[in-house]
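Trainee: task: produce atomic coordinates for the following.
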Amino acid sequence: MGVNVQPKLIIHGGAGSSLQGKGGVETVRKSLYQVITEVYGLLEKGTTAEDAVIRGCQLLEDDPLFNAGVGSVLQSDGQIRMSAALMNGSLQRFSGVINVSRLKNPIELAKFLQTSPDRILSDYGAAELLRELNIAPFDPLTDRRLYEWIEDRKQDFNRKMANVVAETSDHEAGRGTIGVVALDQNGRIAAGTSTGGKGFERIGRVSDSAMPAGNYATAQAGVSCTGIGEDIIDECLAAKIVIRVGDGLSLRSAFERSFVEANDRQRDLGAIGLDASGAIAWGKTSDVILAAFHNGQTMGDSLEMLPGTQVLVA
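Mentor: Here you go, the predicted structure:
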């Protein structure tokens, strides 16, 4: 494994419809850049990709703007159930939790499960793990998300998804997830993804975020997805892109081919990723993807990309 690689970082806060003008854009940009600044600083100091991803996910889960951790959306019965996954690309090891409740940072359970013989736990198992780890109970509900649920209950939950960000909850339906992909100084890659779900869903529905379809990494590349989970699962999007890179495609080509296919099948989704060479990419079929990155020289974001299917490389 090489040393003294220039670290790279990309994060996202979901994908969906418009951000209601400049006010929404600047609010989201400020939140994303705060995370990028802290986490990239850790990578520059030698933090591993896995630990950087965990910290980035924690920060995004702690921001009530996004649908993960604090600020997660409510399901059809008015309860919050969250899912998260972590993948260490150098070890090619996946871990995650599905539909866990009453905690602040689901990514912390995924972190613990990286070294467990049982690496993916659903609701009851995750609740038992919380007790074993003596993690204090926490209610992630916010007033904004409760108001959103009450209003949609009046309409019998007729939207496909809850809003991508809480601060713009009067725009049309969005798709909320957070994700982080990092390349560290030793050339290691990791990816993490966390979500409160799509909102208003049937009890027991499982998100793509805790599957390789939505979060996947190898020594060659890592990808985190966002959008309508069922569309991401049907495309097996994260694993597809990463495997294509491993098979010899450039990161750009892997993204472009995968998003052409997704667009042809009228999927509604987005993804971020990077590879071992340091290339950074993001793509979407939705109107917007809330992504930001640090390429070693500067920070940038995707917040003002044109609507429609696009793939860009930093």
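
Trainee: in the chain, where is pLDDT below threshold?
Mentor: For the chain, the stretches flagged by pLDDT under 70 are 1-2, 17-18, 20-23, 157-175.

Trainee: strands of that one, residue ranges please.
Mentor: Under the criterion DSSP state E, strands of the chain are mapped to 8-16, 82-88, 93-100, 120-121, 178-183, 189-195, 215-217, 221-227, 269-275, 280-284, 288-294, 299-301, 310-313.

Trainee: just the CA coordinates for the fifth one, please, in CSV.
Mentor: Read it as strand 178-183. Extracted in CSV, the C-alpha atoms of strand 178-183 (Å, rounded to 0.1, in the frame of the first residue of the first chain):
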residue,chain,number,x,y,z
ILE,A,178,-26.4,11.4,4.1
GLY,A,179,-23.2,9.8,2.9
VAL,A,180,-19.4,10.2,3.1
VAL,A,181,-16.6,8.6,0.9
ALA,A,182,-13.0,9.2,1.8
LEU,A,183,-9.5,8.4,0.5
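
Trainee: re earlier: adding mean neighbour count as columns, could you present the strands of the chain in JSON lines?
Mentor: Quick note: C-beta positions are derived from backbone N, CA and C, even for glycine. Rendered in JSON lines, the data for the strands of the chain read as follows (neighbours: other Cβ atoms under 10 Å):
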{"stretch": "strand 8-16", "mean neighbour count": "28"}
{"stretch": "strand 82-88", "mean neighbour count": "31"}
{"stretch": "strand 93-100", "mean neighbour count": "24"}
{"stretch": "strand 120-121", "mean neighbour count": "20"}
{"stretch": "strand 178-183", "mean neighbour count": "33"}
{"stretch": "strand 189-195", "mean neighbour count": "32"}
{"stretch": "strand 215-217", "mean neighbour count": "32"}
{"stretch": "strand 221-227", "mean neighbour count": "33"}
{"stretch": "strand 269-275", "mean neighbour count": "30"}
{"stretch": "strand 280-284", "mean neighbour count": "28"}
{"stretch": "strand 288-294", "mean neighbour count": "27"}
{"stretch": "strand 299-301", "mean neighbour count": "18"}
{"stretch": "strand 310-313", "mean neighbour count": "17"}
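
Trainee: out of those strands, which comes closest to V260?
Mentor: Closest approach to V260 among the strands of the chain is made by strand 310-313 (8.9 Å; Cβ to Cβ).

Trainee: partners of that closest one, with directions?
Mentor: Strand pairing for strand 310-313, determined by DSSP bridges: strand 280-284 (antiparallel).
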